[in-house]
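> just to be clear, the model below is a prediction. Sequence and coordinates:
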Amino acid sequence: MAGGSQFLRFMIPLVATLKELDGSASSSEATDRVIEKEKISEEELSETLKNGDSRVRNQIAWARMYLVKAGYVDSSQRGVWSLTEK
């Protein structure tokens, strides 16, 4: 998978996770649940970006951003990700 589109694999698990959590969760809770659900290895979790941030956590954040742009997730409440009616 191309480096720039790896976040796509987290879009469906993120929506599913938010559904399981009654439609909304803190960003850290949602991210941790997706990592658990997708059985991300310690090896993959230890990969970092140039700035030292976790590559996987960054990809999940990108997935959320695209879901927000598409109207499926609302993040207007700081630190909380919620599913929309869509």
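Yes, it's here. Numbering: from 1, shown residues only.
> tell me the spacing between the most far-flung residue of the chain relative to its centre and residue 65.
Distance from the C-alpha centroid of the chain, by CA atoms, centre = their mean, peaks at residue 50 (19.6 Å). Distance from residue 50 to residue 65, counting by CB to CB, to the nearest Å: 19 Å. All C-beta atoms are positioned from the backbone trio N, CA, C, and that covers glycine.
> one more: residue 51?
For residue 51, the distance to residue 65 - CB to CB - is 17 Å.
> compare those two (neighbour count), which wins?
The neighbour count for residue 51 versus residue 65, taken as other CB atoms under 10 Å, is higher for residue 65 (13 against 6).
> OK, contacts around that one?
By CB atoms under 8 Å, 6 or more residues apart in numbering, the contact set of residue 65 is empty.
> so for the one helix or strand it maps to, mean pLDDT?
Assigned by DSSP states H and E, residue 65 belongs to helix 55-69. Looking at helix 55-69 alone, the average pLDDT works out to 95.
> cool, stretch 15-30 as well?
Averaged across stretch 15-30, pLDDT comes to 95.
> buried stuff in it?
Of all the residues in stretch 15-30, those buried under the rule 16 or more other CB atoms under 10 Å are 15, 17-18, 21, 24-25, 27, 29-30.
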